[in-house]
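A.B. asks: Quick one, structure for this:
(chains A and B)
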Amino acid sequence: MMEIVRRIIAEALGEMMVSVPERIEVEVPRDEALGDLSTPVAMSLSKQLRRPPRKIAEEIIANMKAGGDFEKIEVAGPGFINFTLKKESLYRSLSGLLRGGKALLAAKDIGKGRKILLEFVSANPTGPLHLGHGRGAALGAALANLLSAAGFRVTKEYYINDAGRQMSLLGESVFSKYQELLGASYPFPEDGYRGAYVEDIAKKIAREESDKYRGLEFAPPQSSFFSGYACRQMLAQIKADLAAFGVTFDTWQSEKELYDRHEVEKALEYLRGKGFIYENEGATWFKATQFGDEKDRVIIKNDGKYTYFASDIAYHKKKVDGGYDELIDIWGADHHGYIPRVKAALESLGYEKERLKVLLVQMVSLLRGGRPVQMSKRAGEFISLRDVMEEVGADTTKFMFLTRKADSHLDFDLEVAKAASAENPVYYVQYAYARINSILRHAVEKGFCVSDAEGETECAEADLVALAEPEELRLIKKVLLYPAVFEAAVHAREPHRITFYLQELAGLFHPYYNRHRIVTEDSRLTLARIALSRAARLVLRDGLQMLGVAAPERM
RNA sequence: GCGCCUGUAGCUCAGUUGGAUAGAGCAACUGCCUUCUAAGCAGUGGGUCAGGGGUUCGAAUCCCUUCAGGCGCGCCA
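C.D. replies: Below you'll find the predicted structure:
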């Protein structure tokens, strides 16, 4: 619908010998009395053409070949051009949607096969996933769904920080617990990991290896055994948690592997060859300032060890070398200071900064009944993603995360999320879906032919003219808006737009249901209403699927 | 001190990338189940878009500034 408006406006502007703006804005007016679609284009052109907006709007209308889709096209307010669609046009579009089914929902191939590497979660395997990781996971998975459906080729990747000091610290923490279990003792590292999971891993090692390492020092080879073992354990748990959350990855990139395969060295050699690396005060530096960062960054410390940034350069080099047209990283907001240096690295490697888009996910505060849940990282006491999933369910958790844009703080209240009531927006949307299914089951019982396999196509043939109630027209328009919302969500990389749209759609279906019966004695009317219900169901299902949230047949 | 993010109804948040009289849910109050799911619906009240200045036909949205909150600013990850 929006496309049609854009096209005829562009044509009219062509007639008027006016250069067509890159993007003709089309929106849905706030007040439905104003029309179905609206464009402020005349106002935007006013300055350039040095004429009053209303005048321009009138000229556009005069030069427009509108075709038969519109009931009314008029100038309103300061210079909007408002379009009111003919009902027949709505019916035609609806029927087209039903006939095309899922394929039509995101028919526009936005991605055109472009390759995107989407890296998210990437939590260090030094402890269980917490809520913040969950938010990143929900966002990443939903975004991947959207981008894939929009025609991008998306690879979901998890970067494993399995090298360096943190890993060693985890190993040492386990090592200490292990000694304790066997009656020996080894000092617990100062800033070691204290969660119960550390002890669990120690117990497991004690069970499998008995007292083989009893009384030893934390040094090779046993140190790498403990670190490696602990890492594998944690990673397995992380994978299991993500799977339970309904989030999967295509590839798992190990940091350690980048070192083992000398990719870090090679990347640095490459930069050295280009003159972006220098030595100073015993350390090796990257000239980040040359690419817009505030200061140069150390990549090899004066003790000879690499910094985290060194492997990150190699990692991002590997990403772009993989032939990806676009890189998307989802990070916790506390890493935002890191963006300029990674972009600098990318640029120094010969790629445009724009190729990397970093989405920041703000922190999640966990509440219970409005009061903050105390968490102490030091004592290893915190509520993990798994705890929350077990308490409120994966679907609700995901939906909650996706009802806010990534870049705003999120209060996650366990009591609210757990409430199986109106307070909980997930149910509102799912309930609409389940309700439609219930109605359709009822319709089948009443003898209306609505087989599930071919139902949509069949409904496309229904006589939709019977749909004349205001609630019905409103619902049709909202359903038909889905592709535009979808496109906007893809374009902005913002899955939460889908969430809001689904709430609005459900918010139109529920009152419709309450005021009008779908299944009546009038079979022509009934078939039309079934068709509309099925269209709504189609969109609800697709949207929920994008969010990675279940669409239950009954509740 | 510098940088980034946030500030919208009592609470939690949207706001179609600068458009019309700023929206939704919750909470509060009043009604609706012998008929397709009441996890639902109908109605009522609720605003200095943190404050100030600027840009222009037009600002919650862009710029400057003040205030408040969060996060960053390591040869940590």
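
A.B. asks: if I look at the residue nearest to residue A:198 when sequence neighbours are not counted, how far off is RNA strand B?
C.D. replies: Spatial nearest neighbour of residue A:198, excluding adjacent residues (CB to CB, 6 or more residues apart in numbering): residue A:173 at 5.0 Å. In short, each C-beta sits where N, CA and C put it, glycine included. For residue A:173, the distance to RNA strand B (CB to the nearest atom of the strand, to the nearest Å) stands at 15 Å.

A.B. asks: average pLDDT for the strand or helix carrying residue A:173?
C.D. replies: Residue A:173 belongs to helix A:165-181 when assigned by DSSP states H and E. Predicted confidence along helix A:165-181 averages 93 (mean pLDDT).

A.B. asks: try stretch A:442-450
C.D. replies: When pLDDT is averaged over stretch A:442-450, the result is 84.

A.B. asks: Please report the distance of residue A:464 from residue A:476.
C.D. replies: 8 Å (CB to CB, to the nearest Å).

A.B. asks: Quick check, the residue nearest to residue A:198 in contact with residue A:192.
C.D. replies: Yes: Residue A:173 is within contact range of residue A:192, at 3.8 Å (criterion: CB atoms under 8 Å).

A.B. asks: With neighbour numbers in mind, choose between these two.
C.D. replies: Residue environment comparison for residue A:173 versus residue A:192 gives the larger neighbour count to residue A:173, 27 against 19, counting by other CB atoms under 10 Å.

A.B. asks: Find the helix or strand that residue A:360 is a member of.
C.D. replies: Taking DSSP H and E as the criterion, residue A:360 maps to strand A:356-361.

A.B. asks: Which other helices and strands does the helix or strand just after that strand contact?
C.D. replies: Elements were assigned by DSSP H and E; along the chain past strand A:356-361, the next helix or strand is strand A:364-368. Contact analysis of strand A:364-368 by 3 or more CB pairs under 8 Å, 6 or more residues apart in numbering; DSSP states H and E lists helix A:131-149, strand A:410-413, helix A:414-418 as its packing neighbours.

A.B. asks: again, only this time at 6 Å
C.D. replies: If contacts are counted by 3 or more CB pairs under 6 Å, 6 or more residues apart in numbering; DSSP states H and E, strand A:364-368 sits against helix A:131-149, strand A:410-413.

A.B. asks: What strands flank the last one, and is each parallel or antiparallel?
C.D. replies: I take that to be strand A:410-413. Sheet pairing of strand A:410-413 (DSSP bridges) gives strand A:364-368 (parallel).

A.B. asks: Distance from the chain centre to the partner strand, please.
C.D. replies: Going by CA atoms, centre = their mean, to the nearest Å, the spacing between the C-alpha centre of strand A:364-368 and its chain's C-alpha centre is 21 Å.

A.B. asks: May I see the buried residues of that strand?
C.D. replies: A:364, A:366, A:367, A:368 (16 or more other CB atoms under 10 Å).

A.B. asks: now the angle between helix A:131-149 and it, please.
C.D. replies: Computed with axes from the mean of the first three to the mean of the last three CA atoms, to 10 degrees, the direction of strand A:364-368 lies at 120 degrees from that of helix A:131-149.

A.B. asks: In PDB, list the C-alpha atoms belonging to strand A:364-368.
C.D. replies: These are the backbone C-alpha positions of strand A:364-368, laid out as PDB (Å, rounded to 0.1, in the frame of the first residue of the first chain):
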ATOM      1  CA  VAL A 364      19.000  -5.300  33.100                       C
ATOM      2  CA  SER A 365      18.000  -4.700  36.700                       C
ATOM      3  CA  LEU A 366      16.300  -7.600  38.300                       C
ATOM      4  CA  LEU A 367      13.400  -6.800  40.600                       C
ATOM      5  CA  ARG A 368      11.000  -8.900  42.600                       C
END
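
A.B. asks: Give me the residues contacting that strand.
C.D. replies: Contacts of strand A:364-368 with the rest of the structure, by CB atoms under 6 Å, 6 or more residues apart in numbering, involve A:131, A:132, A:135, A:373, A:383, A:410, A:411, A:412, A:413, A:414, A:415.
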